[in-house]
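> 3D, please:
(one chain, ligands or ions: 1)
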Amino acid sequence: MQCRPATPAPGAWQAQLAGAIRDPHELCRRLGLAPEWVPGAEAGHALFEVRVPEAYLARIRPGDPSDPLLRQVLPLGEEAEAAPGYVADPLEEADHSPRRGLIHKYAGRVLLIASPACAVNCRYCFRRHFPYEENAPSRAQWEETLSYLRDDASIHEAILSGGDPLAASDRQLSWLVERLEAIPHLRRLRIHTRLPVVIPDRIDDALLDWLGGTRLQKVMVLHINHAREIDEAVVEACRRLQAAGVTLLNQSVLLQGVNDDVASLAALSERLFEAGILPYYLHVLDPVAGAAHFDATDEAARALVAELRRHLPGFLMPTLVREVPGEASKTPL
Ligand code: SF4
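You can find the predicted model right below:
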């Protein structure tokens, strides 16, 4: 009999999700930041609310405003500054949504918005202005969305996205996956999520039951930008996923002040591999309004990756890409 690694208490993740910090004052206070950070945090929060779960907060160095984990979640006054070329929908996803909650941009695969919520609000998120309320299907609307997949035999992969798809309940997700696996031409289920990183207890028995039980091949693409995001609880969550037959990949975003140096990127790849995750993509920033202060130039990105190649074996090298609206795939830089 195959043993499953020990799992968290049932429902523990929901309490952590509900208890995430949503007040910029509290975030600054808990991390011992000087009062001068509060007005900027309030201004950024007014544009895109702050959200940081305790399990992630515990990994941030107190009293250090330049901590690379903090920079990803602390709202700043700069978010209110307009920058040329930075827009609300940088990937023009609204043009590729033939059904509610469905985005079909690339051949052979579709993206399903399985949850409008996230466990953490990343300040550079390209969907920070996404109209989730217009894309949250009811069960009846899901049936219509699913019929789009049933009617197109060229679709072999369903990608659960969001928000964060794992913010949805296991009841909702198992309902959806049951319907997906009944579509004969679907081969793969891909899940794009940051939840196992920010609340590792999300990977509990209830999730492993529906995920481990599906006939579809399972790929989880995590979103980790810095080696220090991977603590022992994240490593354990990854072990549980691997034991359930899930292939783990990672995509990162190149972010100024977070990971835009060779040492950070090399440490990230090494740590990912220790946790059983393969580096997949390193994205340059999507030009979303409010995130211009995170951008690194293309020249800097190319130089970093060229230098990184001198430090890492090929299988630990993520592919440097940009998402260009209208292109049939990601564009390597
Ligand atoms: S977890 Fe992903 S979708 Fe959610 S805010 Fe962060 S980057 Fe955006």
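> From here on, just use CA atoms for contacts and neighbour counts.
Fine.
> So which residues on the stretch 101-250 of the chain come close to the ligand?
Cys118, Val120, Asn121, Cys122, Cys125, Arg127, Gly162, Gly163, Asp164, Arg194 (C-alpha under 6 Å from any ligand atom).
> my read: the first one touches Asp164, true?
Yes. Under the criterion of C-alpha atoms under 8 Å, Cys118 makes contact with Asp164 at 4.8 Å.
> Now the common contact residues for the two.
The contact sets of Cys118 and Asp164 overlap at Leu195 (C-alpha atoms under 8 Å, 6 or more residues apart in numbering).
> that older thread, quick check: the farthest pair among the residues of the stretch 101-250 of the chain next to the ligand?
The most widely separated members of those, counting by C-alpha to C-alpha, are Arg127 and Arg194 (13.9 Å).
> Name the residue in those two with the higher neighbour count.
Neighbours were counted for Arg127 and for Arg194 using other C-alpha atoms under 10 Å; Arg194 has more, 23 against 18.
> Would you list the buried entries among the residues of the stretch 101-250 of the chain next to the ligand?
Among these, the ones that count as buried by 16 or more other C-alpha atoms under 10 Å are Cys118, Val120, Asn121, Cys122, Cys125, Arg127, Gly162, Gly163, Asp164, Arg194.
> List the ones among those residues that fall in strands.
In strands, defined here by DSSP state E, the members of these are Gly162.
> could the buried ones among the residues of the stretch 101-250 of the chain next to the ligand be laid out in CSV, adding pLDDT?
Output for these, formatted as CSV (pLDDT from 0 to 100):
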residue, pLDDT
Cys118, 94
Val120, 97
Asn121, 96
Cys122, 97
Cys125, 94
Arg127, 84
Gly162, 85
Gly163, 89
Asp164, 96
Arg194, 98
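> Present the residues of the stretch 101-250 of the chain next to the ligand as TSV; the columns should include distance to Leu70.
Formatted as TSV, these follow (distance: C-alpha to C-alpha, whole Å):
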residue	distance to Leu70
Cys118	17
Val120	12
Asn121	12
Cys122	10
Cys125	15
Arg127	20
Gly162	22
Gly163	20
Asp164	20
Arg194	16
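> Give the single residue among the residues you listed positioned nearest to Arg179.
Gly162 (18.5 Å).
> Which residue comes closest to the closest one once chain neighbours are left out?
Setting aside the residues directly before and after it, Gly162 is nearest to Ile113 in space (C-alpha to C-alpha, 6 or more residues apart in numbering), at 4.6 Å.
> do the same with Ala43
Spatial nearest neighbour of Ala43, chain neighbours left out: Gly77 (5.4 Å); criterion: C-alpha to C-alpha, 6+ apart.
> how much space between Asp152 and Arg109?
Per C-alpha to C-alpha, to the nearest Å, Asp152 is found 10 Å from Arg109.
> Which of these two has more residues huddled nearby?
Arg109 (20 against 12).
> In the stretch 201-333 of the chain, what residue lies closest to the ligand?
The minimum distance from the stretch 201-333 of the chain to the ligand, using C-alpha to the nearest ligand atom, falls at His223 (7.1 Å).
> Give the bridge partners for that residue, please.
Applying DSSP bridges to His223 gives these bridge partners: Gln251.
> Count the residues that sit near it.
Counted with other C-alpha under 10 Å, residues neighbouring His223 total 20.
> which residues does it contact?
His192, Thr193, Arg194, Val197, Asn250, Gln251, Ser252.
> Let me see the ranges of the strands in the stretch 101-250 of the chain.
Taking DSSP state E, counting those that start in this stretch as the criterion, the stretch 101-250 of the chain contains strands spanning 102-103, 109-115, 157-162, 188-193, 217-223, 246-253.
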